[in-house]
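Q: need a structure here:
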Amino acid sequence: MRSNKDDEVPALIEFKKSDLQAHDAFEVLSNVRSENVWLANFSSQNTRDAYQHSVASFIATIGVQSADDLYQVKQAHVLAWRASMENAGLSQATIATRLSALSSLYKHLTDEQLTPTNPVAGVRRPKTGNAGMGAGKSPTLSKRQVRLLLDTPDIKTLQGLRDRALLHVYFFVGARATEPTTLKIKDFGYDAEFPILNLTIKGKKTNTIAINLECTKAIREYLEVAEHSHNPDAYIFQPIINGKPDTPLSRVQVYRLFDRYARKAGLGVEVFPHMARATMITTAFEAGCIGEDIQRTVGHSSITTTEGYNHTARKHRDSASLKVGY
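A: Below you'll find the model as predicted:
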């Protein structure tokens, strides 16, 4: 394993494939057949992508150059990786997630008898989340901030219409990061006069959601001028410039879209897709919706997960600091 300055990887905070090319991390991964089997066990593409990037981060940081290097990793290497992530300023949640991904891989390699033990097993992971069972982990936006964000895209352009419609889907449906990008023209329609979206959610299940009229209007106004709207099998949200015909927006493009409009709106905070999901759930609770209805809308498998967002909102509203005056 190499140990030079190039292997320090200061760009761990925003880890992309381009950051890894100097270390050939993804190439190393592709040569590990058991790693491909391990990834195939996860049904969610988001999970596969996140876990693959986590392991690639480890490979690049430690300087793994071959499958044999990967099989010879010791606990000391994992501890060094954890320290590098801490020094790079990654959140505790991110560090814990990446350690979990690496541990999952080594558990698989151990089961396949390619490594004698799991080197991550004895490494302590950061405690994450707020106190209390099911506490929501993502921050939320206020109604004023959401309104500013939704009104920022320039609807005189096709891209502005597309982006406004996409932001509406996130904030009115509470979808996971890449779920709206897989929507096709045929997934937007009506059922018993209710406008609906048929989202493909975690576990490759279909979740049919009746959507807000403002959200419906934003989607229709975009599709009225989009050239692909006549094709039922075309993706609704496609790249406008330098994009291949009939391809969905990528996860990276969606994150950049959120960041761009948050800056234009002058929100002063980082905004990302899961923040829209957390905001939608919290706002729905505040509007008096019952947990089971919210759970069905956002596609949570457990009501406990949904209730966690309500718990966090109540905790903030009941903060003693808000009651103090001098």
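
Q: Quick one: residues contacting the residue lying closest to residue 86 once chain neighbours are set aside.
A: Nearest residue to residue 86, sequence neighbours excluded (Cβ to Cβ, 6 or more residues apart in numbering): residue 95, at 6.8 Å. In short, each C-beta sits where N, CA and C put it, glycine included. By Cβ atoms under 8 Å, 6 or more residues apart in numbering, the contact set of residue 95 is 82, 85, 86, 125, 126.

Q: Please apply the same query to residue 247.
A: By Cβ under 8 Å, 6+ apart, the contact set of residue 247 is 235, 238, 239.

Q: any chance of those residues in a markdown table, plus secondary structure and pLDDT?
A: Formatted as a markdown table, the contacts of residue 247 follow (DSSP: H, G, I helix; E, B strand; the rest coil; pLDDT from 0 to 100):
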| residue | secondary structure | pLDDT |
| --- | --- | --- |
| 235 | strand | 95 |
| 238 | coil | 93 |
| 239 | coil | 91 |
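
Q: Neighbour count and distance to residue 250 added to these, as CSV?
A: Formatted as CSV, the contacts of residue 247 follow (neighbours: other Cβ atoms under 10 Å; distance: Cβ to Cβ, whole Å):
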residue, neighbour count, distance to residue 250
235, 19, 11
238, 18, 11
239, 16, 8
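
Q: picking that back up, just name the closest of the contacts of residue 95 to residue 229, please.
A: In terms of Cβ to Cβ, no member of the contacts of residue 95 lies closer to residue 229 than residue 85, at 44.3 Å.

Q: before we move on, back to that, could you point out which element follows the host helix or strand of the residue nearest to residue 86?
A: In this structure, residue 95 sits in helix 92-111 according to DSSP states H and E. Note on helix 92-111: by DSSP H and E, the next helix or strand toward the C-terminus is helix 143-150.

Q: for that following helix, what is the average pLDDT?
A: For helix 143-150, mean pLDDT rounds to 96.
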